[in-house]
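Peer 1: Just a sequence and a predicted model for now, questions to come.
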Amino acid sequence: MSTASSETDLKHLVADMDTGGRNPSNTLAKSVLLCVALLWSLFQLWYASPLPFLVGPVVLNSTQARSIHLAFAIFLAFSAYPAFKGQRRDTVPAVDWLIAAVAAFCAAYQFLFYDTLSGRVGVPTWYDQAVAATGLVLLLEATRRALGPALMVVALVFLGYVFFGDADIVPGTLQWKGASFGKAMWHQWLQTEGVFGVPLGVSTSFVFLFVLFGSLLERAGAGNYFIQIAFALLGHMRGGPAKAAVVSSGLTGLISGSSIANVVTTGTFTVPLMRKVGFSREKAGAVEVASSVNGQLMPPVMGAAAFLMVEYVGIPYFQVIKHAFLPAVISYVALLYMVHLEALKGGMEGLPRRHPPKPLVWTLLSTGLTLASIAALAGGMVWLFELAGMLAQGGNLFWGAIAVVALQALVYLGVRRAVPAESRWRVISGGALVLGNVVLGAAGVYGLVQLLVAWTGPAAVYVIAALVLAVYVALVAVSTRVPELAHDIRAYGDQLPDVGLTLKAGLHYLPPVGVLVWALMVERLSPSLAAFWAAAFMVLILLTQRPLRALFLRSGDILAATRRGGVELLHGLVTGARNMIGIGVATAAAGIIVGTVTLTGVGQVMTAFVETLSGGNVILMLVFTALLSLVLGMGLPTTANYIVVASLMAPVVVQLGSEAGLVVELIAVHLFVFYFGIMADVTPPVGLASFAAAAVSGGDPIRTGVTAFFYSLRTVLLPFIFIFNTQLLLIDVAGPLEFTLVVAAGTAGLLVFAAALQGYMVTHSRVWERLALLLVAFTLLRPGYFMEQIVPSMRTVDPSRIHTMAAKQPAGGTLRLVVEGMTIEGTEATKTVLIPLGDDTGANGAERLRQGAGLTVETTQAGVVVKRVRFGSPADKKGISLDWRVTALQVPGDQPPKQLFYIPALLLLGGIYANQRRRQKLRGQAARTAVAS
């Protein structure tokens, strides 16, 4: 059996994968690496800030910024990553400095000669071609150094296809005429379709700032705070360290773009503690892998894929987060439940608390009550009364505040009186109370902001900024009243940290997260500007948190504390830049693949390939797409594997789904391929996260990967469900009641699925019970399937009524059409498409079709024929062309509510639960009788 790697080895592993393994002993080399990384961070902060627009002449366009971004990334890739693993880490060979400089020049070529290149579009000189070819070769080598050979090999295959698409070794269905050297170099390097395309643009505009924000948050101590909070809250429960690993990895995933770094960072602490309570090496590593990889699915960063989806799907960032949120959360809840069942099966216990819990209510609850009550008193009821259309006058505000305090007091007393102190329901009810207070506090903050805006007008932004800073200073003061957090959870030995003390020690890390969420979700700022303000706040925190602590404690040298804060800020800026090296070169290298797709049209070939394999069957098509996404994602970092699978596989699902009569939401398709691309980090034989976890635990990597894949089956199930049930993505959810049903049914369905996988609910399940649980889970997750078999949700009407039906639809309405016609490839195709209508309900149907879909149709003897399709319109993007025919018009039928099937499902679940409880009691009685005898 292998043994766990040392912490030094693990640090080298993370450095090799994320920041570059080199740490030169030579002062000059060390200084160059530090200064280049620091300049990169400062450049990105400058580019994202409003300052360039205030200064004026130094405003860069996106192409110039991408060029500078890649120049920094590729320079650091050659100087920070050794060419081979066996090379020394304490020196940078002169040849690497030379290559780094040449590569940076090639990358910066578009910035340095932007005006010249703009004057000869599509006609590169021999010098242009030489620079592009050199740049491509060096980019591939930088990719190999920073990310390993996988992405480099994939990019080489696609690049070879550009030149040798008509070679005999290429299958006939994949062949194309090939491109000239000049055309390929221009397409891939000298304009914005290839290397400098959308992926690198997203890395430049959005990703860097979020990675930098995460790095600064980690350097300030928030990562350690998240881990300790998770252990303090959950470590005492059955299998507590595993549950804490799930939560801490999820919190780390909020600020991390790397599943491997997440595994090593949190796993170093969590895996030994999981082993201590009874988990095997492989299971401990698998829990860490499953939770860390799941962290890449968590908004707001999603391994940087969220920002790419904005560009690929064409919807605002807020919408991407909204659609991705529920599946990610319920997937984590289900993983927690799987870990709980694993602990029950193994008879595991938790770790002892350092201090026993207070007999009434935890410090966490009282703190949450206090903070939320203050926020609600300040402005929460203003918001509530505004929603009700009432003016927030003095009396309303006063009585509203009284009502909020009374309600909180009732809940407080209810938890105190009704729930025993040691009951697990105390945890659930306490958690619900905290969540309720968070919501109430958010409402209070919103109301307070609205009140300040009304009172102070244009000066509101300065008043609000001053209040946020005051809250931060107050929270630092609170942190000085408790001991400073230990740097390592293991410092507490076999006991857990105190909940209240741990919570208070890091509350000042939360305001910048709140600023980020507020800017993204409420103010709807661009992701780059929101991340800039959050990062700027973190710069302030790093510079001031230690001097403020010294000031409040009246101990220590404030000047020395300020210097230490400056050093920590410097390290945070440098680490943020080095964390971006891999992402920078990955998005650039993935641009080669995107460029190949746009140049050769290979995406259509992938569609034909999957269609041939699946025989037109939708489920088989999704299975083959999932498998191909897994294969394409093997060995690639999160960002790169999403770019690859989104470029190649997302159009396949949309095209084949519409041909099979399935109207698929584009965001659902992109999340589908993203989920399976992410699963490549788990799945043997390449699963990099599984190998990292095995290095931490000392377990077998393949067995760790297999176990992690088993734990991740809930993540495998979800994409297949939300393709058909888009309500899980919060699409077409009307009103709070339906929202509550969707959340409750989705959560319950995935928990039941977890119980079926584990073969355990109250006790060990029999085969028929596991099958019944799977049926219950399927019904809760997709109730519409069974209702569709009885009463179809759509009915077909005469397509000649298209204008009449379009006129009747409400604002924001859609029409579902079945269309057929000749494709550009010369083949006959049939598609089912959903097209939007104009919002002007007073216009006639023809006008609403033109406004919303860009579509003009006429009824002729040949049927309803498309006469005009506006370029770039929704109809054009759906693939509808001139002279296509509308063969059917599908409208909602009189289908009963699909949620009726929840009733038999819940009755069956109740029967299984009662049966297992009875069996458990009988076994308990038999065991007691045996002991007595």
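Peer 2: Nice, thanks for sending it over.

Peer 1: Now do the helices in the stretch 251-400 of the chain.
Peer 2: 259-277, 281-295, 305-313, 317-346, 363-375, 381-387, 394-418 (DSSP state H, counting those that start in this stretch).

Peer 1: ugh, typo on my part, it should be the stretch 601-750 of the chain
Peer 2: Taking DSSP H, counting those that start in this stretch as the criterion, the stretch 601-750 of the chain contains helices spanning 602-614, 618-633, 638-648, 650-659, 666-679, 688-697, 701-711, 713-724, 735-758.

Peer 1: any idea of the angle the last one forms with helix 317-346?
Peer 2: Helix 735-758 and helix 317-346 meet at an angle of 40 degrees, taking axes from the mean of the first three to the mean of the last three CA atoms, to 10 degrees as the criterion.

Peer 1: Outside of helix 735-758 itself, list whatever touches it.
Peer 2: Outside helix 735-758, the residues within contact range by CB atoms under 8 Å, 6 or more residues apart in numbering are 326-327, 330-331, 333-335, 337-338, 341-342, 345, 710, 713-714, 717-718, 727-728, 730, 733, 761, 765, 770-771, 773-774, 776-781, 783, 899, 902, 909. All C-beta spots, glycine's among them, are computed from the backbone N, C-alpha and C.

Peer 1: Give me the mean pLDDT for stretch 33-44.
Peer 2: Stretch 33-44 comes out with an average pLDDT of 94.

Peer 1: Ok, stretch 337-355 next?
Peer 2: 80.

Peer 1: Enumerate the positions of that stretch that are buried.
Peer 2: Across stretch 337-355, burial judged by 16 or more other CB atoms under 10 Å covers 337, 338, 339, 340, 341, 342, 343, 344, 348, 350, 351, 354.

Peer 1: quick one: the helices in the stretch 801-933 of the chain?
Peer 2: Under DSSP H, counting those that start in this stretch, the stretch 801-933 of the chain gives helices at 802-808, 845-853, 874-877, 902-932.

Peer 1: quick one, the last one and helix 735-758 angle?
Peer 2: Counting by the same axes, to 10 degrees, helix 902-932 points 40 degrees away from the direction of helix 735-758.

Peer 1: most centrally placed residue in the protein?
Peer 2: residue 302 (1.9 Å; CA atoms, centre = their mean).

Peer 1: any idea how far that one lies from residue 328?
Peer 2: 8 Å (CB to CB, to the nearest Å).

Peer 1: cool, residue 83 as well?
Peer 2: 38 Å.

Peer 1: So for these two, which residue has more residues nearby?
Peer 2: Neighbours per residue (other CB atoms under 10 Å) separate residue 83 from residue 328, with residue 328 holding more: 23 against 14.

Peer 1: For that one, give me its contacts.
Peer 2: Neighbours of residue 328 in contact, by CB under 8 Å, 6+ apart: 294, 297, 298, 299, 302.

Peer 1: again, only this time at 7 Å
Peer 2: Residue 328 is in contact with 297, 298, 299, counting by CB atoms under 7 Å, 6 or more residues apart in numbering.

Peer 1: can you check residue 511 too?
Peer 2: Contacts of residue 511 by CB under 7 Å, 6+ apart are 468, 471, 472, 537.

Peer 1: Show me the two of the residues you listed that sit farthest apart.
Peer 2: 471 and 537 (11.5 Å; CB to CB).

Peer 1: with the contacts of residue 511 in mind, which one is nearest to residue 518?
Peer 2: Out of those, the member with the shortest distance to residue 518 (by CB to CB) is residue 468, at 9.4 Å.

Peer 1: Name the secondary structure element that contains that closest one.
Peer 2: helix 460-479 (DSSP states H and E).

Peer 1: what's downstream of that helix, the next helix or strand?
Peer 2: In N-to-C order, the element after helix 460-479 by DSSP H and E is helix 499-505.

Peer 1: next structured bit after that following helix?
Peer 2: helix 510-517.

Peer 1: starting at the chain centroid, how far to that next one?
Peer 2: Centre-to-centre, helix 510-517 and its host chain are 17 Å apart (CA atoms, centre = their mean, to the nearest Å).

Peer 1: what's the angle from it to helix 460-479?
Peer 2: Using the same axes, to 10 degrees, helix 510-517 lies at 150 degrees relative to helix 460-479.

Peer 1: what angle do the helix or strand that helix 510-517 is followed by and helix 460-479 make?
Peer 2: Per DSSP H and E, the first helix or strand lying C-terminal to helix 510-517 is helix 527-553. Here helix 527-553 points in a direction 40 degrees away from that of helix 460-479 (the same axes, to 10 degrees).

Peer 1: buried sites along helix 527-553?
Peer 2: Those would be 527-539, 541-542, 544-551, for helix 527-553 by 16+ other CB under 10 Å.

Peer 1: helices or strands next to it in the packing?
Peer 2: In terms of contacts (3 or more CB pairs under 7 Å, 6 or more residues apart in numbering; DSSP states H and E), helix 527-553 is packed against helix 27-48, helix 208-220, helix 460-479, helix 510-517, helix 558-600.

Peer 1: tell me the most buried of those?
Peer 2: Sort the helices and strands packed on helix 527-553 by mean neighbour count, taking mean count of other CB atoms under 10 Å, and helix 208-220 sits at the top with a mean of 27.
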